[in-house]
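Trainee: I'll drop the sequence and a predicted model, then ask my questions.
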Amino acid sequence: MTKDQLFAFAQQITPQKTLSRVIGKIAECETSWVKNTFITQFIKKYQVDMSQAINSDPLSYRNFNDFFTRAIRPELRPISEESNSIACPADGAISQLGDIEHGTILQAKGHHYSLTSLLGGDAALSDQFLGGSFATVYLSPKDYHRVHMPLTGKLTKMIHIPGKLFSVNKVTAEQIPSVFARNERTVCLFDTEAGPMAVILVGAMIVASIETVWAGQVTPFNKNVVTWDYSALNDVVIKKGEEMGRFKLGSTAIVLFGKDAVNWEESLQAETPTTMGMPFGTIK
């Protein structure tokens, strides 16, 4: 068994949710010596650049989660301003991007997963994205962990899908089939000038929760798929570049568009570093 295979196997036998709940409690702890120890060790291990944060004093944060979801100085993340441009949703790196072919999405070389499974088994919903485009951005532990809107959109639906909590790094994506369609996730659906757009926040090992700006904490929730219908509301409109959600500990954001809706930037490919707001593509 290779090192990578052993890493994947270890995740399958680890009590993922119990571990995540324990770490989540620690991450919410406001006792000074606890939160300061975790914050300083985390900064040292992952070489976090605190100069980019609006609040650059790591020990002034209320708890670890407050530090982890820290706001970034807006002048360091200008939003692509061209009228037909799509903005990158998050800091991190491209995992994969391209076309949705035959109802499947590329996870890693030689590995695909089902679009319908990703969207919770809703075939009618997945039909909107058949033949469309996808982009997967991996947020590493050191990254800024708020996710922003690629395009201005009106929220129509949010779906919480329970699941596993495998790691979502490159090694796991290459070793565990359909990891993004198996992990706990929140699917956010919007109407945009490019047609339907989905922004999917995928949970992972030790992710204590996923939040959205309109609903607050969404996960952990329960064992069933839960859908919120916003289609009758007119007030949940989020502009391009505005925050739409965040992770308490790192994970992945997946963006979907329909057929013939967008073109991704030609310079983007697997493992390309990303910053929130950078040009990500254009509307066709």
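Mentor: Received it, and whenever you're ready, just let me know what you need.

Trainee: okay, which residue is most central for the chain?
Mentor: Ala253 (2.5 Å; Cα atoms, centre = their mean).

Trainee: what comes up buried for the helix or strand that residue falls within?
Mentor: Using DSSP states H and E, Ala253 sits within strand 252-257. By neighbour count with 16 or more other Cβ atoms under 10 Å, strand 252-257 contains the buried residues 252-257. Using the backbone N, CA and C atoms, a C-beta is placed for each residue, glycine as well.

Trainee: what comes into contact with it?
Mentor: For strand 252-257, the surrounding residues in contact (Cβ atoms under 8 Å, 6 or more residues apart in numbering) are 89-90, 92, 95, 100, 105, 115, 118, 129, 132-139, 147, 150, 168, 180, 194-202, 204.

Trainee: try it again with 7 Å
Mentor: Strand 252-257 is contacted by residues 89-90, 95, 129, 132-139, 147, 150, 168, 180, 194-195, 197-202, 204 when judged by Cβ atoms under 7 Å, 6 or more residues apart in numbering.

Trainee: strands paired with that strand, and their directions?
Mentor: Sheet pairing of strand 252-257 (DSSP bridges) gives strand 133-138 (antiparallel), strand 195-202 (antiparallel).

Trainee: and of those strands, who's closest to Leu268?
Mentor: Of all those, strand 133-138 sits nearest to Leu268, with 7.6 Å by Cβ to Cβ.

Trainee: avg pLDDT for the closest one?
Mentor: The predicted model assigns strand 133-138 a mean pLDDT of 96.

Trainee: so how far is it from its chain's centroid?
Mentor: Put simply, strand 133-138 sits 9 Å off its chain's centre (Cα atoms, centre = their mean, to the nearest Å).

Trainee: before we move on, what about stretch 28-38?
Mentor: Centroid separation between stretch 28-38 and its chain, computed with Cα atoms, centre = their mean, is 26 Å.

Trainee: ditto for stretch 78-91
Mentor: With Cα atoms, centre = their mean, you get 17 Å for stretch 78-91.

Trainee: pull out the buried residues from that stretch.
Mentor: 79-80, 85-91.

Trainee: quick one: terminal-to-terminal distance for it?
Mentor: 12 Å (Cα to Cα, to the nearest Å).

Trainee: contacts for it?
Mentor: 137, 139, 143-144, 147-148, 150-151, 199, 240-241, 253, 255, 262, 274-283.

Trainee: farthest pair within the buried residues of strand 252-257?
Mentor: Among these, Thr252 and Phe257 lie farthest apart (Cβ to Cβ), at 17.2 Å.

Trainee: next, the buried residues of the longest helix anywhere in the chain.
Mentor: Assignment by DSSP state H gives helix 32-46 as the longest helix of the chain. By neighbour count on 16+ other Cβ under 10 Å, the buried set for helix 32-46 is 35-36, 38-39, 42.
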